[in-house]
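[1] give me a model of this one.
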Amino acid sequence: HRCCIAMLRQLGRVAAPLARGAPRRMTGNLLLVRMLSARVDFGNLKVDANLAALVRDEIAPGTGVDATAFWASFDKVMSDLGPKNAALLKKRDDLQKKIDEWHLAHKGAPVDIAEYKAFLTDIGYLVPPKTDFNVGTTNVDPEIASVPGPQLVCPIDNARFILNAANARWGSLLDALYGTDVISKEGGAEPGKAYNPVRGAKVFDELHRLLDEFFPLAGGSYGEATAFAVKDGKLSVTINGQETGLKTPAQFAGFNEDKGAVSSVLLKNNGLHFDILIDKEHPVGKAHKAGVRDVVAESAMSAIADCEDSVAAVDAEDKITCYRNWNGLMRGTLSASMDKGGKSVVRGMNPDRVYTTPSGGSLTLPGRVVLLVRNVGFHIYTDAVMHNGEQVPEHFLDAFVTTLCSKNDFIERPGLKNSRTGSMYIVKPKMHGPEEVALATELFDRTEEAMGLAKNTLKMGIMDEERRTSTNLGACMYEAKDRVAFINTGFLDRTGDEIHTSFEAGPFLPKDEIKKQVWIKGYEDNNVDTGIAVKLSGRGQIGKGMWAAPDNMKQMLKEKIGHPMAGANTAWTPSPTAATLHALHYHRCDVFARQEEIAKRPMAKVEDILTIPLLSRKLNAEEVQRELDNNIQGLLGYVVRWVGQGVGCSKVPDIHDVQLMEDRATLRISSQHIANWLAHGITNKDQVMETMYKMAAVVDQQNAKDPNYVPMAPKFDGIEFQAACDMIFLGKETPNGLTEATLIRKRREHKAANKTVNVTIEPAPKAMNQ
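    Residues are numbered from 1 along each chain as shown. Here you go, the predicted model:
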């Protein structure tokens, strides 16, 4: 086996099982490497033995689903729906070929939008607009349907991270303010390692200001309060020896007592809660006139446990980690050990929070977010399960296994629950148009049937991140009208697909300028307009994208209120702390009232969305080089961790050393942008390679303190560097500009080269499906 690995290293070009089914068309000396593991036969299936054991021994028990019957159902679904998946992927390629040919035939001429729209309609890319229906999704948890608030997206393969996300329902405002740049360092208020009372005073000034803004008192300010009490079911606050109450008494939602004194005051605004914690013996409480030791804010309402863009799962071993963690979340038993202050601490899922209501009853609020799970896209195939000797669509496997895990959330058992309405939420990424949504709906039907679940138990999230979905969003939602509970937008993937779809139209603008063009506003508005038009509001989430700079919270507080103001009842945040701070925006903005205002405006025009953001001026040499530096540094900075360390999402420093939370979408937009400029002569291969060498040295320096990091310079022959080159120089030929094929191939090559594994070496097939 070591001999085999040495041979693979020497050859340097290895294809492992890839995205989009069979191995890709490549040139040069090619071998097919398949990592061997024991297999268990189920009819036409050969299932990785460890995956089969996970389903049989850890997931299925207690669900009422027999493991053998589970695989028999999957076998039948593969026979029935597998060919449909392949046909839809072929349609993507066929449409792309026609669009390329149209642009080549009109080369050099401005795009006539009316003519272009008619062409896209003729080839079936555009379908008739459809908003003459109402979403009928039922049994949706309030965190998804009716309480606007932040949403986290977290890699499911990291138990500690996903537990932090699950527990991000409540967050300390004191910590969020004290530990971020929201509070300035001026006047001796630097954070430091030890508690700084000057900074602490600034934090409490801000806490008092927020309380005054969201929960105003009938008289006075919270900063003047000396005592809190509950009298006759009402909140009483003592200021200067006089008692006052809330200006809006209905905002008082509950309280707790300790030894006869109020220890917690629960307030509610726009569906979200603040919990004022009072303890005059606490070190922080001692310094506050009323004994306030913290204000805990209800923060993230929901979180997406991600099997897709933020993980590096390339084989059965990796998928098992993802599925095991989701199973633990659905059983309420997931835990993770971590070091805290030199001691090992085991973290689990937070319990619910219990309060006494103003009338003396009991109120229980969830201690955790509602979790959604994002499955992979249609284009990724896996050899974790083989069907008649062929790989299976990984999203089929994701749907079956994650749903079986979720059945543990539905059965009667003690312990923590995720959904209180008996629903599961599956986010579907990178779907192209209504036909693909229809197949996803059919897959959900068959999955429910296999698991013994009622129809429409599985709710669907539709990621509006591909151009053919954006331009046909109403029709897409119609195909899942009784399941859809989530739509959202995302600039990076959507722009990557924009570039690839219109690759032959001409060179694109620099990325920062692309954001300012008419198409992006049309795209963002259309998502909200369509969601409102089909009455998704009140039944599901209309979402907006990620704030990528987790260390720049002051700027986030300034800018991200634009998302709820745009009509989104959720938006992505990069951390629990960011969720706590972004939650403040939902106190300031009544999203449903805002949606009512937005409903009065004309709907976004598809013509705007179809306006291609092409370059119409000559760039100078400095502009070109600056764009290449930015794209290539970001691409290399992410690839080295994905391929070299199996890290799918992390803080990656940009070219200015600003930490950004990155996932695969970074690679798609950057590689497609460079490939587009190469194809249209804005740059050339020599300039790109010179920039690759220069930026590799920058990335090496940025990672110099990481003991697991392997530098790219000076040889530039590592697998990670090769992966980045492939993404750029094969970008034009890569289906839809998606990077998973290259990443999966190179990550598997890296895993094979760095540990002793069983491999089989086969000649590459003569005909290889791209």
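[2] quick check, Lys558 in a strand?
    No. Secondary structure of Lys558 (DSSP: H, G, I helix; E, B strand; the rest coil): helix, not part of a strand.
[3] how far away is it from Pro576?
    Distance of Lys558 to Pro576, computed by Cβ to Cβ, to the nearest Å: 20 Å. Yep, even glycine has a C-beta here, placed from its N, CA and C like the rest.
[4] and the two? Which one has more around it.
    Pro576 (26 against 11; other Cβ atoms under 10 Å).
[5] tell me how far that one lies from Gly474.
    On the measure of Cβ to Cβ, Pro576 and Gly474 end up 35 Å apart.
[6] same check, this time on Trp326
    On the measure of Cβ to Cβ, Trp326 and Gly474 end up 31 Å apart.
[7] who has more neighbours, those two?
    Ranked by neighbour count (other Cβ under 10 Å), Trp326 and Gly474 place Trp326 first, with 26 against 21.
[8] who are the contact partners of that one?
    By Cβ atoms under 8 Å, 6 or more residues apart in numbering, the residues touching Trp326 are 156, 305, 307, 373, 402, 405-406.
[9] and for Pro507, the neighbour number?
    For Pro507, using other Cβ under 10 Å, the count is 19.
[10] for it, which non-adjacent residue is closest in space?
    In space, Pro507 comes closest to His680 once its chain neighbours are excluded; the distance is 4.0 Å by Cβ to Cβ, 6 or more residues apart in numbering.
[11] burial measure for the one you found, as a count.
    With other Cβ under 10 Å as criterion, His680 counts 16.
[12] now it: phi and psi?
    phi -110, psi 10 (degrees, to the nearest 10).
[13] isn't it up against Gly506?
    Yes. Assessed by Cβ atoms under 8 Å, His680 is found in contact with Gly506 at 6.1 Å.
[14] mind checking the longest strand of this protein?
    strand 261-269 (DSSP state E).
[15] what's the average pLDDT for it?
    In this model, strand 261-269 carries a mean pLDDT of 98.
[16] list the helices and strands that strand packs on?
    Packing partners of strand 261-269 (3 or more Cβ pairs under 8 Å, 6 or more residues apart in numbering; DSSP states H and E): helix 197-214, strand 225-231, strand 252-258, strand 272-278.
[17] how about those, which one is nearest Ser359?
    Closest to Ser359 of the helices and strands packed on strand 261-269, according to Cβ to Cβ: strand 252-258, at 9.8 Å.
[18] for the stretch 51-200 of the chain, which spans come out with low pLDDT?
    In the predicted model of the stretch 51-200 of the chain, no residue satisfies pLDDT under 70.
[19] quick one: the helices in it, in order.
    67-105, 113-122, 142-145, 159-166, 173-178, 197-214 (DSSP state H, counting those that start in this stretch).
[20] wait, Glu740 sits on Ala665?
    No. Counting by Cβ under 8 Å, Glu740 does not reach Ala665; the two are 11.4 Å apart.
[21] and the helices in the stretch 651-770 of the chain?
    665-679, 685-702, 719-729, 740-753.
[22] what's the most buried one of those helices?
    helix 665-679 (a mean of 26; mean count of other Cβ atoms under 10 Å).
[23] so which residues make contact with that helix?
    309, 465, 490, 492-493, 495-497, 499-500, 503-504, 507-508, 511, 624, 627-628, 631-632, 634-635, 638-639, 652, 683-685, 688, 727-729, 731-732, 737-739, 743.
[24] give me the ChimeraX select line for those, limited to the buried ones.
    Buried residues among those (16 or more other Cβ atoms under 10 Å), as a ChimeraX selection:
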select :309,465,490,492,493,495,496,497,499,500,503,504,507,508,511,624,627,628,631,632,634,635,638,639,652,683,688,727,728,729,731,732,737,738,739,743
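[25] which helices and strands sit right next to the one helix or strand Met338 maps to?
    Taking DSSP states H and E as the definition, Met338 sits inside strand 336-340. Contacts defined by 3+ Cβ pairs under 8 Å, 6+ apart place strand 336-340 against helix 159-166, strand 343-347.
[26] please identify which of those is closest to Gln517.
    helix 159-166 (33.5 Å).
[27] which strands or helices does that closest one pack on?
    For helix 159-166, the packing partners by 3+ Cβ pairs under 8 Å, 6+ apart are strand 151-155, strand 302-306, helix 316-331, strand 336-340, strand 343-347.
[28] quick check: bridge partners of the residue nearest the centre of the chain?
    Centroid check for the chain by Cα atoms, centre = their mean gives Val153 as the closest residue, at 4.0 Å. When bridges are taken as DSSP bridges, the partners of Val153 come out as Ile304.
[29] so what's Arg24 scoring on pLDDT?
    pLDDT, Arg24: 31.
[30] do the same with Pro765
    34.
[31] now do Gln659
    89.
[32] and Val346, by the same measure?
    For Val346, the pLDDT comes out at 93.
[33] mind listing what it touches?
    Taking Cβ under 8 Å, 6+ apart, one finds 335-337 in contact with Val346.
[34] isn't Leu473 right up against Ile487?
    Yes. Taking contacts as Cβ under 8 Å, Leu473 lies within contact range of Ile487: 7.2 Å.
[35] overlap in contacts, those two.
    With Cβ under 8 Å, 6+ apart as the test, Leu473 and Ile487 both reach 462, 464, 527, 530.
[36] pLDDT and neighbour count added to those, as a markdown table?
    As requested, the shared contacts of Leu473 and Ile487 are arranged in a markdown table below (pLDDT from 0 to 100; neighbours: other Cβ atoms under 10 Å):
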| residue | pLDDT | neighbour count |
| --- | --- | --- |
| Ile462 | 98 | 27 |
| Asp464 | 98 | 25 |
| Asn527 | 98 | 26 |
| Thr530 | 98 | 25 |
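[37] follow-up on the earlier one: and the gap between the residue nearest to Pro507 and Ala505?
    9 Å.
[38] and Gln517, by the same measure?
    For Gln517 relative to Ala505 (Cβ to Cβ), the value is 13 Å.
[39] between those two, which one's more packed in?
    Shown here are Gln517 and Ala505; by other Cβ under 10 Å, Ala505 has more neighbours (22 against 17).
[40] quick one: pLDDT of that one?
    At Ala505, pLDDT is 98.
[41] ok, Met477 touching Val135?
    Yes. The pair Met477 / Val135 is scored as a contact, 6.9 Å apart, by Cβ under 8 Å.
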